[in-house]
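>>> Below are the sequence and a predicted model; questions follow.
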Amino acid sequence: MKTHSLVSHAALCAFLTLSTVAIAQSEALPNSPTPSRDTTRPNRDNAPAASQADLNNRLSRADRNFFEEAAKSGMKEVEVSNAVRARLANPQVRAFAEMMVADHTAANSELQALAGSKGVTLPVERRSHAEKWGDKSGNIDKDYVDEMEDDHEEAVKLFEKASRSDDADIAAFAQKILPKLQHHLTQVRALKQALR
């Protein structure tokens, strides 16, 4: 009886050892089926990408404000400059207006792309500035230069603050655009002096 028990015990141990070896080998074979996933644990590989709302919610209030204010400012520069450039008397002021359209259109496109990547919807372009400046009479050159000086003083402050954002993408964008805005401000101040 003891012999039969020992033989059964030895047979069981051998069976378990062989089963373990066979399982290990089958997992190592390149054509063996993949083991099924444990569905009780979350699957991070197939997790859905963060929604646009989730991305937006991760931004600070200051960053969301930056997107809104930068978009409004950039659109205004393009609208106003487009509305007046054909009627500007001074060729230097007209050249400045053309630079405003080119530079701010490019910056607005970059801002739009960055906002999209962060799940932010930018304000829609309004034509109110274009209408106001399209109907403007009097010394348009001086009024335009004064407006551009005020706008760029505000834009420089806005982008200086954003250049210190905790969001690396927003900070990098602001740091890239800031020198152009500072250059615009320097130029418009020089134009203001020349128009006196």
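Happy to help now that I have it.

>>> Next one: residue 178 relative to residue 195, how far apart?
In this structure, residue 178 and residue 195 are 26 Å apart, going by C-beta to C-beta, to the nearest Å. Just so you know, the C-beta spots here come from the backbone N, C-alpha and C atoms, and that holds for glycine as well.

>>> now residue 116
Distance check for residue 116 against residue 195: by C-beta to C-beta, it reads 40 Å.

>>> before we move on, what about residue 67?
As judged by C-beta to C-beta, residue 67 and residue 195 stand 34 Å apart.

>>> Comparing these two, which residue is more hemmed in?
In this comparison of residue 67 against residue 195, neighbours counted by other C-beta atoms under 10 Å, the higher total goes to residue 67 at 22 against 16.

>>> The closest residue to residue 194 other than its chain neighbours: helix or strand, and which one exactly?
With C-beta to C-beta, 6 or more residues apart in numbering as the criterion, residue 194 has its nearest non-adjacent residue at 6.8 Å, and that residue is residue 92. Residue 92 belongs to helix 91-117 when assigned by DSSP states H and E.

>>> Give me the buried positions along that helix.
Judged by neighbour count using 16 or more other C-beta atoms under 10 Å, the buried positions of helix 91-117 are 93-94, 96-97, 100-101, 103-104, 107-108, 111-112, 114-115.

>>> Quick check: next helix or strand after that helix?
Going down the chain from helix 91-117, the next helix or strand is helix 128-134, by DSSP H and E.
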